[in-house]
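J.: Below: sequence and its predicted model.
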Amino acid sequence: MGFLLAGLGAVLFSAKAIVVKLTYRYGVDALTVIGFRMMLSLPFFAAVAFFQARKAKRGKLPILTTKECLQLIFLGFIGYYLSSYLDFLGLQYISAGLERLILFLSPTFVLLISAIVLKRQIGKGQWVALGLSYLGVVFVFLQDLSFSGNEVMLGALFVVMAAFSYAFYLIGSGELIKRVGATRLVAYAMSVSAIITMVHFFGVHGLGGLDQAWQVYQLSMIHAVFNTVLPTFMIMWAVARIGAPMTAQLGLLGPVSVLFLAAWLLGEPLTAMQLLGTAFTLAGAVVLSRR
């Protein structure tokens, strides 16, 4: 069950890039995509957050301090609002396959930030892993550049910024999760992110932003339930059953699945250079996650 949850969760999470690209075909912008995603997923996360808060009131979970509440608000802002918004902006310009590979560099950014800020040493094997990961992304980037033109540079920059934002979220949640717990942290952070996103969405588009084609609502519901809520909890349950390292290993299924799904559903090219770049990036991720 743990293996199934981790593998399927990784595929569903990664497939959000496909759903986002399909939604863009109906003339919506990045803010509308993330606005609908968070608006439709908020009831699920708010329900979990409510039951977690009730447990805390009954003494089954520790009460959060003011500092921890502020940390959760900050993590919700950078981890799920800012990172997702930048990611969706990037998907307007680059392929789903390249987007997934760039986001897969988040662990390498965590390593680099930890080395610079926390003064943690990077071993020789880790340097090799970093080199493999970045070389793989370069291959796929050059492939996209030849197919899509100069806008690929802008799109890749947005997604790199999204990966950096998520890396800071991972570092920031590392210590907090020990006291707050994974379920409560995700439910609270996602609820905060949804509220911030909705304020942004209605502030820019107003109530008129809800006037969209039925296909946008249909795809957004798929995005919210199958690419956001379900994989979030599936990966969490997988960690509880088989541990974080093995869950991370099975997470490698995500970028590979997106390459084939994008070729099938979006008509994106599937070339030898893409496969080679993906292999390099995943090889680097394997070394890093094992360490």
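T.: Thanks, I have it.
J.: And what about Gln92, helix, strand or coil?
T.: coil (DSSP: H, G, I helix; E, B strand; the rest coil).
J.: residues in contact with it?
T.: By C-beta atoms under 8 Å, 6 or more residues apart in numbering, the residues touching Gln92 are Tyr24, Ala30, Gly155. Yep, even glycine has a C-beta here, placed from its N, CA and C like the rest.
J.: any idea how far Ala30 is from it?
T.: According to C-beta to C-beta, to the nearest Å, Gln92 and Ala30 sit 6 Å apart.
J.: cool, Lys16 as well?
T.: According to C-beta to C-beta, Lys16 and Ala30 sit 13 Å apart.
J.: neighbour count winner among these two?
T.: Lys16 (26 against 20; other C-beta atoms under 10 Å).
J.: from what I can see the more buried one touches Leu230, true?
T.: No: in this structure Lys16 lies outside contact range of Leu230 using C-beta atoms under 8 Å: 11.2 Å.
J.: average pLDDT for the one helix or strand Leu98 maps to?
T.: Using DSSP states H and E, Leu98 sits in helix 96-103. What helix 96-103 shows for mean pLDDT is 82.
J.: show me the contacts for the spatially closest residue to Ser193 that is not a sequence neighbour.
T.: Spatial nearest neighbour of Ser193, chain neighbours left out: Tyr80 (3.5 Å); criterion: C-beta to C-beta, 6 or more residues apart in numbering. Counting by C-beta under 8 Å, 6+ apart, Tyr80 touches Met38, Tyr169, Ala189, Met190, Ser193.
J.: Show me how to select, in ChimeraX, the buried members of the residues you listed.
T.: This is how ChimeraX selects the buried members of those, with burial counted by 16 or more other C-beta atoms under 10 Å:
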select :38,169,189,190,193
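J.: Columns distance to Gly203 on top of the contacts of Tyr80, output as TSV?
T.: Listed next are the contacts of Tyr80 as TSV, based on distance: C-beta to C-beta, whole Å:
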residue	distance to Gly203
Met38	14
Tyr169	23
Ala189	21
Met190	20
Ser193	16
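J.: out of the contacts of Tyr80, who's nearest Gly59?
T.: Comparing those against Gly59 with C-beta to C-beta places Ala189 closest, at 23.1 Å.
J.: so that closest one touches Ile78, yeah?
T.: No: the pair Ala189 and Ile78 fails to qualify as a contact (C-beta under 8 Å) at a distance of 9.6 Å.
J.: ok, residues contacting the helix holding Leu98?
T.: 14, 17-18, 20-21, 87, 90-91, 136-137, 140-141, 143-144, 152, 155-156, 159-160, 162-163, 166, 254-255, 258-259, 261-262, 266, 268, 274, 277-278, 281.
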